[in-house]
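Enquirer: Any chance you could fold what I've pasted below:
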Amino acid sequence: ALLAYLERNGYHRTSAVVEAGDYAVRGGLVDIFPSGLDQPVRLDFFGSTLESIRSFDPLTQRSLAKVERLELMPVSEVLLDAGAIERFKAGYLR
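Expert: Got it, this is the predicted structure:
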């Protein structure tokens, strides 16, 4: 459900998180760089249970600080999913 949410809200899956809007998955770790934050966060899952949230340095991949709460906002105000693209094409042709 988390990965589907990220895709629907403009996040892009990458091999390594570098800039806002990126996310990466490696086993039970999900790295996300939410828009509006200065540093990315690492979600550590054990199965479907979230064990911890930590900020990390994208260059060294080292954890920096524990994060108590995370609110994921869309990356952009304009979300270009397949439905939005089709609506744009139909409206543009009219």
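Enquirer: From the chain's centre, how far out is stretch 48-65? Work that out for me.
Expert: Distance of stretch 48-65 from its chain centroid, counting by C-alpha atoms, centre = their mean, to the nearest Å, is 13 Å.
Enquirer: swap in stretch 32-45?
Expert: 7 Å.
Enquirer: buried sites along it?
Expert: When neighbours are counted by 16 or more other C-beta atoms under 10 Å, the buried residues of stretch 32-45 are found to be Ile32, Phe33, Pro34, Leu37, Pro40, Val41, Arg42, Leu43. Where C-beta positions appear, they are placed from N, C-alpha and C, glycine not excepted.
Enquirer: and those residues, which two are the farthest apart?
Expert: Distance extremes for those: the farthest pair is Leu37 and Leu43 at 13.3 Å, using C-beta to C-beta.
Enquirer: neighbours around Phe46, how many?
Expert: The burial count assigned to Phe46 is 9, neighbours taken as other C-beta atoms under 10 Å.
Enquirer: Grab the nearest non-local neighbour of it.
Expert: Sequence neighbours aside, Gly28 is the residue nearest to Phe46 in space, at 6.3 Å (criterion: C-beta to C-beta, 6 or more residues apart in numbering).
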